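S.K.: Sequence isn't available, so here's the structure alone:
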């Protein structure tokens, strides 16, 4: 298995009664509440936690992109990746990912990722995402154009990396007289591309067609299994057998000294993640036009209570959306999840919500000592292929 450490870099200082006094932690929550001095301390702390994961033996460390939110403090993941490139030696750095449709100039992504790849000695993994619904409010973009902007920006990005320039690009959403980025990536033909998803059927089929690995995020285990079986079926339709490492999952993970203390310690941080930093009205999840009708039906089927529930540690643990316990429990649970879904790439979120630095490092170290070595050699059988119409309850 390939095992990567993922970090959201959250703002951990939302008030106790946040849900009662604020409509959302996204888009409209005033940046007057942001304290730059605290922010500077957080960046230094969070970077040190990711660097520690290199010493702990993770294959990759992962950052991502969100905008105008206390949920994650990385509006520019390429800048965070650059800081990590300078502080690490051999570990891969994955940006999961750059939100292409939010860019009016996707050539900047081509330039910046190529720079990172050259400066890192070829250690960059380039995740590509559409950006979640709330970010279309932040940028004033029409979400109905999200998927077609993503596909065109992707094609432009790959052409910029692999086709000798200068050449002209005249597309539906992007037009450039000269496409000729300097530098070009060190990895040939370009850095590996990963596609994070919450399970959109069209995204999964497209990723399988392109042979890009998918990474399921923020989902119950039964939904992960459904996504992976869809990917495997789509790959088979494209004439190849998907490798387990093309199938990835990123759950919050906390390893305590034992099951009881782990649950007690992790509960307030999971509550903060799900009920405070993810707090936003349902329309901000998937604004009109963001999903095609088929994908929207799938979301309603899988997560029909979206935005109306109050998740608890016990409920999230029961449906396999988080992994928490002592070392033996975490290892057993992850092995069972791997066997149930067919995933060969695991991206545990090693810091969640308001976890302290000491808790984060202790959990990373327990994971590295007791879980990571045992999972490295554990590869599953291909997932059982489910019919696309199979119902998924969450």
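M.R.: Perfect, I can see it now. Note that the structure is predicted; figures quoted are calculated from it, not measured. Residues are numbered from 1 along each chain as shown.

S.K.: which residues of this protein score low on pLDDT?
M.R.: The chain contains residues with pLDDT under 70 at 295-308, 384-394.

S.K.: Where does residue 4 sit, in terms of helix or strand?
M.R.: strand 2-6 (DSSP states H and E).

S.K.: hmm, who's touching that strand?
M.R.: For strand 2-6, the surrounding residues in contact (C-beta atoms under 8 Å, 6 or more residues apart in numbering) are 50, 53, 56, 58-62, 64, 92, 94, 96, 245, 250, 344-350, 364, 372, 375-376. From N, CA and C alone the C-beta is placed, and that goes for glycine too.

S.K.: What strands flank the longest strand belonging to the chain, and is each parallel or antiparallel?
M.R.: Scanning the chain for the longest strand, with DSSP state E as the assignment, gives strand 92-99. Here strand 92-99 has these sheet partners by DSSP bridges: strand 60-63 (parallel), strand 124-129 (parallel).

S.K.: Kindly reformat the ones you listed as a markdown table containing distance to residue 147 and mean neighbour count.
M.R.: Listed next are the strands paired with strand 92-99 as a markdown table, based on distance: least, C-beta to C-beta, whole Å; neighbours: other C-beta atoms under 10 Å:
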| stretch | distance to residue 147 | mean neighbour count |
| --- | --- | --- |
| strand 60-63 | 24 | 26 |
| strand 124-129 | 12 | 25 |
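
S.K.: Make a markdown table from the ones you listed and add distance to residue 314 to it.
M.R.: Shown next, in a markdown table, are the strands paired with strand 92-99 (distance: least, C-beta to C-beta, whole Å):
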| stretch | distance to residue 314 |
| --- | --- |
| strand 60-63 | 27 |
| strand 124-129 | 30 |
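
S.K.: quick one: which of the ones you listed is nearest residue 269?
M.R.: strand 60-63 (18.9 Å; C-beta to C-beta).

S.K.: Off-centre distance for the closest one?
M.R.: Averaged C-alpha coordinates place strand 60-63 at 10 Å from its chain's average position (C-alpha atoms, centre = their mean, to the nearest Å).

S.K.: And for it, what's in contact with it?
M.R.: So strand 60-63 is contacted by 2-7, 9, 50-51, 53-54, 74, 77, 80-81, 84, 88, 91-96, 125, 127, 250, 347 (C-beta under 8 Å, 6+ apart).

S.K.: buried sites along stretch 268-287?
M.R.: For stretch 268-287, a neighbour-count test (16 or more other C-beta atoms under 10 Å) marks 269-280, 284-287 as buried.

S.K.: How about stretch 154-162?
M.R.: Across stretch 154-162, burial judged by 16+ other C-beta under 10 Å covers 154, 156-158, 160-161.

S.K.: and of the residues you listed, the nearest to residue 101?
M.R.: For the buried residues of stretch 154-162, the nearest to residue 101 is residue 154 (9.8 Å; C-beta to C-beta).

S.K.: does the closest one really touch residue 129, like I thought?
M.R.: No: with contacts counted by C-beta atoms under 8 Å, residue 154 stays clear of residue 129, the gap being 10.6 Å.

S.K.: Now for the two: what residues contact both?
M.R.: Joint contacts of residue 154 and residue 129 (C-beta under 8 Å, 6+ apart) are residue 100.

S.K.: The stretch 51-200 of the chain: helices as residue ranges?
M.R.: Using DSSP state H, counting those that start in this stretch, the helices assigned to the stretch 51-200 of the chain run over residues 77-87, 107-120, 133-139, 146-162.

S.K.: Restricted to buried residues, select the contacts of strand 2-6 in ChimeraX.
M.R.: Those of these that count as buried under 16+ other C-beta under 10 Å are selected in ChimeraX with:
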select :50,53,56,58,59,60,61,62,64,92,94,96,250,344,345,346,347,348,349,350,364,372,375
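
S.K.: is it true that residue 254 touches residue 326?
M.R.: No: applying C-beta under 8 Å, one finds residue 254 not in contact with residue 326, separated by 10.3 Å.

S.K.: Settle it for me: which of the two has more neighbours?
M.R.: Applying other C-beta atoms under 10 Å to residue 254 and residue 326 shows that residue 254 carries more neighbours, namely 29 against 18.

S.K.: which SS state does that one fall under?
M.R.: What DSSP: H, G, I helix; E, B strand; the rest coil gives for residue 254 is strand.

S.K.: Now do the contacts for residue 278.
M.R.: Applying C-beta under 8 Å, 6+ apart to residue 278 gives the contacts 25, 71.

S.K.: let's see it at 10 Å
M.R.: Residues near residue 278 by C-beta atoms under 10 Å, 6 or more residues apart in numbering: 24-26, 69-71, 218, 272, 285, 307, 311, 353.

S.K.: just residue 260 next, same as before
M.R.: With contact set as C-beta under 10 Å, 6+ apart, residue 260 has these partners: 325-326.

S.K.: Around residue 73, how many other residues sit close by?
M.R.: Other residues lying near residue 73 total 17 when counted by other C-beta under 10 Å.

S.K.: List the single closest residue to it in space, sequence neighbours excluded.
M.R.: Nearest non-adjacent residue to residue 73, counting by C-beta to C-beta, 6 or more residues apart in numbering: residue 9, 4.6 Å away.

S.K.: The one you found contacts residue 69, doesn't it?
M.R.: No: Residue 9 is not in contact with residue 69 according to C-beta atoms under 10 Å; the separation is 11.1 Å.

S.K.: rewinding a little: of the contacts of residue 278, closest to residue 107?
M.R.: Taking C-beta to C-beta as the measure, residue 107 sits nearest to residue 69 out of those, at 26.1 Å.
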